[in-house]
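Visitor: sequence and predicted model, in that order:
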Amino acid sequence: EVRALARLDHDHIVKVLATDFHRADPYFTMPCVPGGSLAGRVAAGGPLAPREAAGLMAQVARAVQAAHDA
């Protein structure tokens, strides 16, 4: 899955920077994405406004489509 993710190139998909699966402790690295989680955002401020929620879902849908296309 990480190898498949590493091949994706989309603004709304976090990139895989490095992998090493040949070590005793395999790893992969990704950049830190600031801003927290959607769950934390909703917990702190309540439900998103409809326009904001729709904008977020549009970004998610485009990212998922890019993954499907790849």
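Guide: Thanks, I have the structure now.

Visitor: in this structure, what helix or strand scores lowest on average pLDDT?
Guide: Lowest on mean pLDDT, DSSP states H and E among the helices and strands of the chain sits helix 2-6, with a mean of 85.

Visitor: just the pLDDT for the most far-flung residue of the chain relative to its centre.
Guide: Computed with CA atoms, centre = their mean, the residue of the chain farthest from its C-alpha average is Ala24, at 26.9 Å. pLDDT, Ala24: 90.

Visitor: give me phi/psi at it?
Guide: Torsion angles at Ala24 (phi, psi; degrees, to the nearest 10) stand at phi -60, psi -30.

Visitor: Pro31 too?
Guide: phi -70, psi 150.

Visitor: which parts of the chain are helices?
Guide: Ranges of helices within the chain are 2-6, 38-45, 50-69, based on DSSP state H.

Visitor: what mean pLDDT does the second one have?
Guide: Translated: helix 38-45. Average pLDDT, helix 38-45: 93.

Visitor: now that helix, how far from the centre of its chain.
Guide: Centroid separation for helix 38-45 versus its chain: 17 Å, with CA atoms, centre = their mean, to the nearest Å.

Visitor: cool, and the first one?
Guide: Chain-centre distance of helix 2-6: 12 Å, with CA atoms, centre = their mean.

Visitor: helices or strands up against that helix?
Guide: If contacts are counted by 3 or more CB pairs under 8 Å, 6 or more residues apart in numbering; DSSP states H and E, helix 2-6 sits against strand 18-20. No exception for glycine: its C-beta is placed from N, CA and C like everyone else's.

Visitor: paired strands for the strand it packs on, with orientation please.
Guide: Strand pairing for strand 18-20, determined by DSSP bridges: strand 27-29 (antiparallel).

Visitor: contacts for the partner strand, please.
Guide: With contacts defined as CB atoms under 8 Å, 6 or more residues apart in numbering, strand 27-29 is touched by 2, 6, 16-20.

Visitor: out of those, who has the most neighbours?
Guide: Val16 (17 neighbours; other CB atoms under 10 Å).

Visitor: test my guess that that one contacts Met30.
Guide: Yes: using CB atoms under 8 Å, Val16 makes contact with Met30 at a distance of 5.8 Å.
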